[in-house]
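Q: have a look at this fold, sequence not included:
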């Protein structure tokens with residue numbers, strides 16, 4: 001028997017929310033179970049064609065939940081027959097998108113992202129940890145900044161679900177510098193089968209969520225070095241096999257400069273003849289006009305210290321890297337003014353300016369919890385004033401091959 005709260009949730013979503021079109025007597029309704037988070041815009045259109053059962057927690061102690069985001073003006077249609085979405089699924093339907101689902105059952109870790117039109121036909125059973133993703137414009141942000149602004153380089157995650165899409169864009173823009181974004185964190189799946197790298201993964205077969213969790217496991221000796229090296233090799237080899245303009249190596253959340261990890265990464269760089277590496281060593285006292293708290297300053301200092309040691313090791317091995325680095329303290333919060341401040345203070349030599357551009361801060365903010373200013377960062381590199389600054393300060397935009 002359903003508890004009162006569950007009955008209330010079923011009543012609310014089927015009868016009180018303007019965007020959802022269901023009919024309980026006809027068996028067309030949403031059965032909202034526990035651990036289900038839904039964010040459906042009132043101007044969206046959600047058509048229920050049968051019984052849709054959203055989530056049910058089945059693993060004791062798990063914090064997994066089903067998340068359903070349907071943006072303004074989007075259309076989500078559940079076709080006739082059954083649709084079951086078990087815990088820790090993540091379905092996002094962006095503005096102007098359509099997602100039509102027939103009879104299907106999903107499993108743990110499924111993520112579906114839609115921005116054009118996705119149709120899942122009848123009697124399709126989707127297994128564990130599968131991504132189904134149409135293009136939501138994420139990679140086109142970089143291409144826009146490259147062609148219309150002064151973004152000159154990007155990096156690709158070999159284990160990301162939209163890898164082939166990113167590779168295609170890189171192949172179409174061969175002068176854009178491409179880094180191998182080695183990934184050991186971020187709750188994404190590895191390149192290798194989970195059974196071969198289990199010491200790197202959580203109970204759902206995904207990388208740990210962030211560098212803090214990774215560092216705790218790594219420095220406690222709980223990660224097998226053989227598995228770590230095998231996964232990093234698989235990621236590098238996947239990137240090299242794509243036949244794109246690989247210019248350097250960097251990593252998600254800068255794990256490649258952590259002591260103990262850095263030596264392995266630099267060894268692999270030499271072995272695979274990738275002769276350039278990111279060194280995120282921003283000057284300890286640099287602010288560029290960005291005001292923040294002491295916690296962020298301490299975090300930046302810790303990373304810069306690790307990066308300094310990584311730079312010394314890279315130099316001893318003959319690997320190359322930019323001499324200066326900017327964008328760490330204000331990471332995710334850059335705008336036209338702050339980028340202009342950096343341009344005015346650039347020292348002689350090659351500098352890397354790290355950035356996180358995006359097309360829709362509101363949509364990205366619902367996916368990532370970092371509170372980044374994605375659109376403002378994008379506009380900073382399209383800004384006419386900053387383009388003039390490049391000319392006035394005699395700054396030449398380059399990629400890592402200039403190191």
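A: Ah, there it is. Just so you know, these numbers come straight off a predicted model, no measurement behind them.

Q: got any ranges where the stretch 101-250 of the chain has weak pLDDT?
A: 101-141, 161 (pLDDT under 70).

Q: the helices in the protein, which residues?
A: For the chain, applying DSSP state H gives helices covering 4-11, 138-148, 163-172, 211-219, 225-241, 262-271, 294-316, 336-344, 361-367, 374-380, 384-392.

Q: ok and the last one relative to helix 336-344, angle-wise?
A: Relative orientation of helix 384-392 with respect to helix 336-344: 0 degrees, computed using axes from the mean of the first three to the mean of the last three CA atoms, to 10 degrees.

Q: buried stuff in helix 384-392?
A: 386, 389 (16 or more other CB atoms under 10 Å). C-beta here means a position set from N, CA and C on the backbone, and glycine is covered the same way.

Q: same thing with the first one?
A: Under the neighbour-count criterion of 16+ other CB under 10 Å, helix 4-11 has 9-10 buried.

Q: could I get the helices of the chain as a markdown table with distance to residue 181?
A: Below are those laid out as a markdown table (distance: least, CB to CB, whole Å):
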| stretch | distance to residue 181 |
| --- | --- |
| helix 4-11 | 39 |
| helix 138-148 | 12 |
| helix 163-172 | 10 |
| helix 211-219 | 14 |
| helix 225-241 | 9 |
| helix 262-271 | 12 |
| helix 294-316 | 16 |
| helix 336-344 | 22 |
| helix 361-367 | 17 |
| helix 374-380 | 17 |
| helix 384-392 | 25 |
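
Q: so which of those is nearest residue 46?
A: Nearest of the helices of the chain to residue 46, taken as CB to CB: helix 4-11 at 14.6 Å.

Q: by contact count, what packs against that closest one?
A: Helix 4-11 is packed against strand 29-32, with contacts defined by 3 or more CB pairs under 8 Å, 6 or more residues apart in numbering; DSSP states H and E.

Q: out of the helices of the chain, which gets nearest to residue 76?
A: Per CB to CB, nearest to residue 76 of the helices of the chain: helix 361-367, 15.0 Å.

Q: run the chain-centre distance for the closest one.
A: 12 Å (CA atoms, centre = their mean, to the nearest Å).

Q: show me what that helix is packed up against.
A: Here helix 361-367 touches helix 374-380, going by 3+ CB pairs under 8 Å, 6+ apart.

Q: among the helices of the chain, which is the most enclosed?
A: helix 374-380 (a mean of 22; mean count of other CB atoms under 10 Å).

Q: which stretch among the helices of the chain comes nearest residue 324?
A: Among the helices of the chain, helix 336-344 sits nearest to residue 324 (CB to CB), with 10.1 Å.

Q: what sits up against the closest one?
A: Contacts to helix 336-344, defined as CB atoms under 8 Å, 6 or more residues apart in numbering, come from residues 288-290, 326-327, 330, 353, 355, 376, 379-381, 383, 385-386, 389-390, 393, 395.

Q: re earlier: tell me which of the helices of the chain lies nearest to residue 278.
A: Taking CB to CB, helix 294-316 is the member of these nearest to residue 278, at 8.6 Å.

Q: quick one: which of the helices of the chain is nearest residue 18?
A: Closest to residue 18 of the helices of the chain is helix 4-11 (CB to CB; 14.5 Å).

Q: how far out from the middle of the chain is the closest one?
A: Taking CA atoms, centre = their mean, one finds helix 4-11 lying 34 Å from the centre of the chain it belongs to.

Q: pretty sure residue 377 is touching residue 354, no?
A: No. Residue 377 lies out of contact with residue 354 (CB atoms under 8 Å); the separation is 10.1 Å.

Q: check the gap between residue 16 and residue 180 for me.
A: Here residue 16 is placed at a distance of 49 Å from residue 180 (CB to CB, to the nearest Å).
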